[in-house]
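Engineer: here are the coordinates; sequence isn't available:
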């Protein structure tokens, strides 16, 4: 995923460097603008505030994902996973900046709270898309799948942010395939054997989660 032309990356990098070196609260907008080589008015026009500059790329990414999901996708489940991979690719494209942002957010309570809200916005975007793309879907399946994809993405992304080595996109792909497999929406792999099939009978009133638990217990 290429970095959007709308992304004022130089200002973001300058702000994060200052936040990390002298503290978020101790850094002024004037200092950020001077370090980035822009005017104070330009900064406010692009961002609006210090918190906004930390999450600027998320605003762009959310807009790009809305556009992506508004397109035609033969498999909505796969489309959500693909959207997750686009976000991961963006941060993996500049891991040092992503790690710097992670360090800054981790140290400032207000930014951690903003991050929680931002994560929920991705989850809600995926949930809303599935409900539109799959009329009649059980809302619990939509929100559960959206939450699962978001959680798996964040788990793999944290491996990149907390470490010093690259994390291959295949790591996220494998994790997302597992989410789809658990929901029964991953296309059958080629060469599946007849004995891969499992037949189980349960009372209609039994919750799906309990059915899954019992099947897993038997297969274990």
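Structural biologist: Yep, it's here. As the structure is a computational prediction, the values presented were derived from the model and not from experiment.
Engineer: can we go C-alpha only for contacts and neighbour counts from here?
Structural biologist: OK.
Engineer: now the end-to-end length of stretch 26-43.
Structural biologist: Stretch 26-43 stretches 17 Å from its first residue to its last (C-alpha to C-alpha, to the nearest Å).
Engineer: can you list the buried residues in that stretch?
Structural biologist: The neighbour-count check on stretch 26-43 (16 or more other C-alpha atoms under 10 Å) flags 27, 29, 32, 33, 35, 36, 43 as buried.
Engineer: helices or strands up against the host helix or strand of residue 210?
Structural biologist: Here residue 210, judged by DSSP states H and E, is contained in helix 208-219. Helix 208-219 is packed against no helix or strand, with contacts defined by 3 or more C-alpha pairs under 8 Å, 6 or more residues apart in numbering; DSSP states H and E.
Engineer: mind jotting down where the helices sit in this structure?
Structural biologist: 9-22, 29-36, 40-46, 50-54, 56-69, 76-93, 95-107, 109-133, 139-162, 169-182, 208-219 (DSSP state H).
Engineer: possible to save those helices as CSV with distance to residue 202 and mean pLDDT?
Structural biologist: As requested, these are exported to CSV (distance: least, C-alpha to C-alpha, whole Å; pLDDT from 0 to 100):
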stretch, distance to residue 202, mean pLDDT
helix 9-22, 55, 91
helix 29-36, 62, 92
helix 40-46, 57, 89
helix 50-54, 50, 93
helix 56-69, 36, 95
helix 76-93, 26, 97
helix 95-107, 46, 95
helix 109-133, 28, 96
helix 139-162, 20, 96
helix 169-182, 18, 95
helix 208-219, 7, 80
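Engineer: make JSON lines out of those helices and add distance to residue 198.
Structural biologist: Converted to JSON lines, these look like this (distance: least, C-alpha to C-alpha, whole Å):
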{"stretch": "helix 9-22", "distance to residue 198": "51"}
{"stretch": "helix 29-36", "distance to residue 198": "60"}
{"stretch": "helix 40-46", "distance to residue 198": "56"}
{"stretch": "helix 50-54", "distance to residue 198": "49"}
{"stretch": "helix 56-69", "distance to residue 198": "34"}
{"stretch": "helix 76-93", "distance to residue 198": "23"}
{"stretch": "helix 95-107", "distance to residue 198": "43"}
{"stretch": "helix 109-133", "distance to residue 198": "28"}
{"stretch": "helix 139-162", "distance to residue 198": "22"}
{"stretch": "helix 169-182", "distance to residue 198": "14"}
{"stretch": "helix 208-219", "distance to residue 198": "9"}
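Engineer: of all those, which lies closest to residue 197?
Structural biologist: Closest to residue 197 of these is helix 208-219 (C-alpha to C-alpha; 11.5 Å).
Engineer: chain center to the closest one: distance?
Structural biologist: Chain-centre distance of helix 208-219: 29 Å, with C-alpha atoms, centre = their mean, to the nearest Å.
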